[in-house]
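Participant: Sequence first, predicted coordinates after that:
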Amino acid sequence: MNTGKNIQPKNFKSRDIEYHLLNIIDNFPDIILTVTNKLKILFLNKPFFGVSVQQALGKNILDLIISDQKELLAECIEKMINTGCMEYVEIEDHHNEWWMVRLVSIKMNKKTSNILLIFTNITKQKKKELALRESEEHHRSFFMNNPIKTIIVDKNGIVTGYNKKRSNTENQSEQDRVPNIGDRMYTDDFAGKHEIDMRSQLMECIQEGKSKTFSELKYKNKYLSINISPYPFGAIITSKNITDQRIAEEERKRFELWHLQTQKIEAVGTLASGIAHEFNNILWIINGNVELAEHTVPQGNPARYHLEQVEEACIRAKDLVMQIISFTKQSDQHMEPLKISLVIKEFFRLIRSSLPATIKIQLNISIENDLVMADITQINQSLMNLCTNAYYAMKDKGGILEINVINIDIDDDDIDLYKNLTPGKYTLITISDTGHGIKPELMEKIFDPFFTTKTDNKLTGMGLFVVHGIVKNHRGAITVQSNIGKGTVFNIFLPCVEKKVHDSIPQIQSISTNHEKILFVDDDKAIVDAAKRMLERLGYEVSTALNGTQALEFFQSESHPFDVIITDMTMPDLTGVALAKKIFKIAPDSSIILCTGFSTAINPKKAIDLGFKAFLLKPVTKNKIAETIRIVIDQKRNFYK
């Protein structure tokens, strides 16, 4: 302590100065000690760490320090003695109070030096520092573990930090690597080559102090949501991978579109059913009158040729209506033996006009057994989906759509080649195009739902998925091969069945020799008139009714029961089914034939289950209705015999 004359007041005595200085020391907020080189306390201005001044004097200062702090203070003292410079150290006392200790050597004389220690309580400051450090650690932990990738850049757009999400490089591709501190963001250093100039966007954000958001930015086969926010030292960039959400949203939209298209198909199916019913009624009127006219025109008359052409056109029109119905109706799977070659021929005859002239169709059928157990509607749907894909592949440049149908035998040795198939005889349908082909990396996905390579937003990506499901339900298999620039080949394997089918019905005596009585019921007068004349020409006694109520009255009033009743299905008061139920209650053994233009409410199996003896679909030829009536009458007679 410097007490030189230069700072001594002139009117102060030495004793007064000493008193004054001691008064300052006693009231000084810090603890002041002097110790010898042996660390014994010589002077103390106030109690020290819970020890009174009298108790502390003469004791080693280290004995008053808690054990884990002694080494810190001892090292600091030793360093101060060795360097001769003031030293600082922070220690904690028994009461968790923190102290800043300043140490300086005091030269007492030429040989002796003591040590001055000043203890300043820094507990409040320490608590603030600790709280600040905990807050910083909390924010740092939040930043580092934030699931959203975050990068911090300075005012020059240079990376100064990034969070743990970004720093986790394990199993990441090159495009997902973390930046290096010092990288220039959105350049060749890191994350360059976006679809827009992100470097300019970043620097504009920093310079103008305005945030920028890019909700859907495509970057290297990914979709990112990026936000750039300015802060005083640069900008904070957050990047969220929304590829999965984007895919899910696209799939949701495709599903909604598929559902909408399904509803449209159902609506078209309902419309087509109504049209089919009315159109088939009209066809029967035409066909019935043509057949009647043929009986008035002698053989050799040129008019017969024209009548036969009209008759053939009616049959083709009926087949065309049923093809349309098969494409649009939504029904349960109805498996039956089908001559697949005939189904395929008719299908391609129907769609040929819908394809552009630049696409040529080559149909090659070389098959011995073409009988398969299948649902014709689903087979047509599968063919349509595959041909639609072929059309899209060739619509720009044209090409060849080739269909081959052959038999193939699969034995035990072939199972590895044809997985999911059991040994046996199969019909192999090959549909190939000369379009652009499918990329190898997409081949495993083409049968997935909602997957499509087409850019048309109206397409759902359900076509091949549906085909795969149909073929699987038919106990078959489908394979695909494709070459870029050369085209694609789909192979469908369907198991053959050995059941024999007859191409023609054996000739049955169709002319009535007993003048059996028939009641014909239909709400279309033109059909009733044509049918009456046709059946009378066949030798039957015919009564007619224009509705179900009238028919029921005829049946109840007729003294001699009708041998056969032929009724339409759709009528205004009583449907054909309702009429039949009322008649069966009166006469359970009645023979009723259901004849309809088209109805989604009834089919041959349901009709037989309801008690009908036969089911006819309009338009019906004279031979067909005659044979059916004869079979029904003869079955009834044979039953009673």
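Facilitator: Ah, there it is.
Participant: For Asp244, see how far away the residue nearest the centre of the chain is.
Facilitator: Taking Cα atoms, centre = their mean, the centroid of the chain lies closest to Glu251, which sits 3.6 Å from it. Distance, Glu251 to Asp244, by Cβ to Cβ, to the nearest Å: 10 Å. Bear in mind the C-beta positions are built from the backbone N, C-alpha and C, glycine included.
Participant: again, but for Asn380
Facilitator: Applying Cβ to Cβ to Asn380 and Asp244 gives a distance of 37 Å.
Participant: More neighbours: these two, which one.
Facilitator: Each of Asn380 and Asp244 has its neighbours counted (other Cβ atoms under 10 Å); Asn380 has more, 19 against 9.
Participant: Not counting sequence-adjacent ones, nearest residue to Lys212?
Facilitator: Ile228 (4.6 Å; Cβ to Cβ, 6 or more residues apart in numbering).
Participant: Wait, that neighbour touches Ser239, no?
Facilitator: No. Assessed by Cβ atoms under 8 Å, Ile228 is found out of contact with Ser239, at 9.7 Å.
Participant: need the helices for the stretch 301-450 of the chain, in chain order.
Facilitator: Along the stretch 301-450 of the chain, counting by DSSP state H, counting those that start in this stretch, helices occupy 302-328, 340-351, 376-394.
Participant: Minimum distance to Ala626: which of the ones you listed has it?
Facilitator: Among the helices of the stretch 301-450 of the chain, helix 302-328 comes nearest to Ala626, with 15.4 Å by Cβ to Cβ.
Participant: can I see the domain layout of the protein?
Facilitator: 5-123, 146-241, 252-495, 517-640 (automatic domain parsing).
Participant: okay, how far is it across the second one, tip to tip?
Facilitator: This points to domain 146-241. 14 Å (Cα to Cα, to the nearest Å).
Participant: now the third one
Facilitator: End-to-end distance for domain 252-495: 36 Å, by Cα to Cα.
Participant: next one: that domain to chain centre, how far?
Facilitator: 27 Å (Cα atoms, centre = their mean, to the nearest Å).
Participant: Looking at the helices of the stretch 301-450 of the chain, which one is packed in the most?
Facilitator: Highest mean neighbour count of the helices of the stretch 301-450 of the chain: helix 376-394, a mean of 21 (counted as mean count of other Cβ atoms under 10 Å).
Participant: Show me which residues of stretch 182-190 are buried.
Facilitator: Buried residues in stretch 182-190, counted by 16 or more other Cβ atoms under 10 Å: Asp183, Arg184, Met185, Tyr186, Phe190.
Participant: Go through those residues and name the one with the lowest pLDDT.
Facilitator: In terms of pLDDT, Phe190 ranks lowest among these, with 78.
Participant: how about it, what does it touch?
Facilitator: Val159, Pro179, Asn180, Asp183, Arg184 (Cβ atoms under 8 Å, 6 or more residues apart in numbering).
Participant: from the residues you listed, which two are the most distant?
Facilitator: Going by Cβ to Cβ, the pair spanning those furthest: Asn180 and Arg184, at 10.3 Å.
Participant: joint contacts of the two?
Facilitator: Val159, Phe190.
Participant: circling back: so for Cys205, which of the helices of the stretch 301-450 of the chain sits nearest?
Facilitator: helix 376-394 (43.6 Å).
Participant: With just CA atoms, put the closest one into PDB.
Facilitator: Below are the C-alpha coordinates for helix 376-394, written out as PDB (Å, rounded to 0.1, in the frame of the first residue of the first chain):
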ATOM      1  CA  ILE A 376     -66.000 -61.600 -70.000                       C
ATOM      2  CA  THR A 377     -66.400 -58.100 -68.500                       C
ATOM      3  CA  GLN A 378     -63.100 -58.300 -66.700                       C
ATOM      4  CA  ILE A 379     -61.300 -59.800 -69.700                       C
ATOM      5  CA  ASN A 380     -62.500 -56.900 -71.800                       C
ATOM      6  CA  GLN A 381     -61.500 -54.500 -69.200                       C
ATOM      7  CA  SER A 382     -58.000 -56.000 -69.000                       C
ATOM      8  CA  LEU A 383     -57.600 -55.900 -72.800                       C
ATOM      9  CA  MET A 384     -58.800 -52.300 -72.900                       C
ATOM     10  CA  ASN A 385     -56.400 -51.100 -70.200                       C
ATOM     11  CA  LEU A 386     -53.400 -52.800 -71.900                       C
ATOM     12  CA  CYS A 387     -54.400 -51.400 -75.400                       C
ATOM     13  CA  THR A 388     -54.800 -47.900 -73.800                       C
ATOM     14  CA  ASN A 389     -51.300 -48.100 -72.500                       C
ATOM     15  CA  ALA A 390     -50.100 -49.200 -76.000                       C
ATOM     16  CA  TYR A 391     -51.900 -46.300 -77.600                       C
ATOM     17  CA  TYR A 392     -50.300 -43.800 -75.300                       C
ATOM     18  CA  ALA A 393     -46.900 -45.300 -76.000                       C
ATOM     19  CA  MET A 394     -47.400 -44.900 -79.800                       C
END
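Participant: coming back round to it: kindly reformat the helices of the stretch 301-450 of the chain as a markdown table containing mean pLDDT.
Facilitator: Shown next, in a markdown table, are these (pLDDT from 0 to 100):
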| stretch | mean pLDDT |
| --- | --- |
| helix 302-328 | 72 |
| helix 340-351 | 84 |
| helix 376-394 | 85 |
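Participant: Just send the ones you listed back as JSON lines, with distance to Glu90 too.
Facilitator: Below are the helices of the stretch 301-450 of the chain laid out as JSON lines (distance: least, Cβ to Cβ, whole Å):
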{"stretch": "helix 302-328", "distance to Glu90": "88"}
{"stretch": "helix 340-351", "distance to Glu90": "91"}
{"stretch": "helix 376-394", "distance to Glu90": "78"}
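Participant: average model confidence for stretch 128-142?
Facilitator: Here the average pLDDT along stretch 128-142 is 83.
Participant: again, but for stretch 618-626
Facilitator: 84.
Participant: need the strands for the stretch 451-600 of the chain, in chain order.
Facilitator: Secondary structure of the stretch 451-600 of the chain (DSSP state E, counting those that start in this stretch): strands at 477-483, 487-495, 517-521, 541-545, 564-567, 592-596.
Participant: for those, which one sits closest to Gln54?
Facilitator: Closest among the strands of the stretch 451-600 of the chain, using Cβ to Cβ: strand 477-483, at 101.6 Å.
Participant: For that closest one, buried residues please.
Facilitator: Per 16+ other Cβ under 10 Å, strand 477-483 contains these buried residues: Ala477, Ile478, Ser482.
Participant: of these, closest to Arg304?
Facilitator: For these, the nearest to Arg304 is Ile478 (48.9 Å; Cβ to Cβ).
Participant: hey, what's that closest one bridged with?
Facilitator: Ile492 (DSSP bridges).
Participant: Then the one 5 residues further on?
Facilitator: Applying DSSP bridges to Asn483 gives these bridge partners: Gly487.
Participant: Thought Lys439 was touching it, still the case?
Facilitator: No. Checked against Cβ under 8 Å, the pair Asn483 and Lys439 is beyond contact range at 10.5 Å.
Participant: quick revisit: output the contacts of Phe190 as CSV; include the columns distance to Ile410 and secondary structure.
Facilitator: Formatted as CSV, the contacts of Phe190 follow (distance: Cβ to Cβ, whole Å; DSSP: H, G, I helix; E, B strand; the rest coil):
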residue, distance to Ile410, secondary structure
Val159, 62, strand
Pro179, 57, coil
Asn180, 59, coil
Asp183, 60, coil
Arg184, 63, strand
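Participant: and stretch 54-62, average pLDDT?
Facilitator: Stretch 54-62 comes out at a mean pLDDT of 91.
Participant: what's the straight distance from one end of that stretch to the other?
Facilitator: From start residue to end residue, stretch 54-62 stretches across 17 Å - Cα to Cα.
Participant: Show residues contacting that stretch.
Facilitator: 33, 35, 38-44, 47-48, 51, 64, 70, 73-74, 117.
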